[in-house]
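Novice: Here is my input; please provide its structure:
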Amino acid sequence: MKPPYIITNEILKLVTSISERIGEINATHLYKPTTELRKKNRIKTIQSSLEIEGNTLTEEQITALLENKRVIAPKKDILEVQNAIKVYEQLNQFNPYQLKDFEKAHSVLMNGLIDKAGKLRTTNVGIVKGSKVQHIAPGGTMVKGLVKDLFEYLRKDKDLILIKSCVFHYELEFIHPFVDGNGRMGRLWQTLILMQQYPVFEYLPIESLIKQKQDEYYIKLSESDKKGDSTSFMEFMLEIILKTLEELLRSQNKTLGTEDRIALFKEKIGQNKFNRKDYLQSFKNISAPTASRDLKWAVEQNILTKSGEQRLTQYQFR
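Specialist: Numbers count the residues shown, from 1 in each chain. Predicted coordinates for the structure are as follows:
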């Protein structure tokens, strides 16, 4: 059964804007950031997603854990981070359309933190914020059927992946399929769903913007609960996605120097030979003389080898 939602004009507008930004990102080859930026964004993602759940570790402490250094912090917080690092490292191994992979990811994420990590709940739960019961989740006997229906929708529905990823995120929070860890699983799985069509999302720290708008995140979840569909939450998440993409384009346009461009191009071209024209096509906002200077610098730094003369000049990464 298809979950309830309405495709509003606002949703159509946001989807169009997101598609345009993804087009710009693909045109400038920003969909696979440099190794250093990937690491930085991954740390941001983990820190933000866990901070939403009350984790106290900073980006610096998470970096230290990634580098196997000792960190002084509550044991539970350290274990949450270590588990999150593991699950994000394995992200490409999970199939977003398979329930067994979903359960496996939860077992990695919540290992040592709760009993029966990776197992769908069979008991009844309510979500309490402060002294108020914010959400009564569907009964434990309904969970398996609801989750199976949700994965069926994800696999078979013809709606755009941008829309389905938001619907899945909301419905997951509504069903609350696990005793704990549902929030971080919702954010993780939306990233995984989006990655299938748009590689840029693998290292895009959407969670850090959700963290900045944490109150609104919970308000929109609650609003959708009251209305009985995911429309409000979908509008909110699409806006977050759009802002994250715009931030990526802004930061790359500001900071891309010779070294950055060469590193990005190396990620794209690998060991294939190329010429200046190939390089220019990847960076449409630079001039031919700038491209020549970039390539000359890379040859002088022994990053590139050069063969041939003038129009027949070819380059290859060492």
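Novice: Low-confidence ranges, the chain, go.
Specialist: 28-34, 126-135, 252-255 (pLDDT under 70).
Novice: That one - how does it break down into domains?
Specialist: With domains defined by automatic domain parsing, the chain comprises 9-254, 258-317.
Novice: Distance to Lys2 and mean neighbour count added to those, as JSON lines?
Specialist: Placement of C-beta: from N, CA and C, glycine included. Listed next are the domains of the chain as JSON lines, based on distance: least, Cβ to Cβ, whole Å; neighbours: other Cβ atoms under 10 Å:
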{"stretch": "domain 9-254", "distance to Lys2": "6", "mean neighbour count": "17"}
{"stretch": "domain 258-317", "distance to Lys2": "39", "mean neighbour count": "14"}
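Novice: right, so of the ones you listed, which gets closest to Pro3?
Specialist: Across the domains of the chain, Pro3 has its closest neighbour in domain 9-254 (5.1 Å, Cβ to Cβ).
Novice: Output the domains of the chain as a markdown table; include the columns distance to Pro3.
Specialist: Formatted as a markdown table, the domains of the chain follow (distance: least, Cβ to Cβ, whole Å):
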| stretch | distance to Pro3 |
| --- | --- |
| domain 9-254 | 5 |
| domain 258-317 | 37 |
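Novice: how close does Thr290 get to Glu53?
Specialist: Applying Cβ to Cβ, to the nearest Å, the value for Thr290 to Glu53 is 45 Å.
Novice: ok, residues contacting stretch 284-297?
Specialist: For stretch 284-297, the external contacting residues (Cβ atoms under 8 Å, 6 or more residues apart in numbering) are 27-28, 253, 258, 261-262, 276, 279-280, 283, 304, 306, 315.
Novice: Output the longest helix belonging to the protein.
Specialist: The residue-count maximum for a helix in the chain (DSSP state H) belongs to helix 231-255.
Novice: The helix or strand just after it to helix 231-255, inter-axis angle?
Specialist: On the C-terminal side of helix 231-255, the closest following helix or strand by DSSP states H and E is helix 258-269. Counting by axes from the mean of the first three to the mean of the last three Cα atoms, to 10 degrees, helix 258-269 points 120 degrees away from the direction of helix 231-255.
Novice: for helix 258-269, packing partners?
Specialist: Packed against helix 258-269 by the contact rule (3 or more Cβ pairs under 8 Å, 6 or more residues apart in numbering; DSSP states H and E) you find helix 276-282, helix 288-300.
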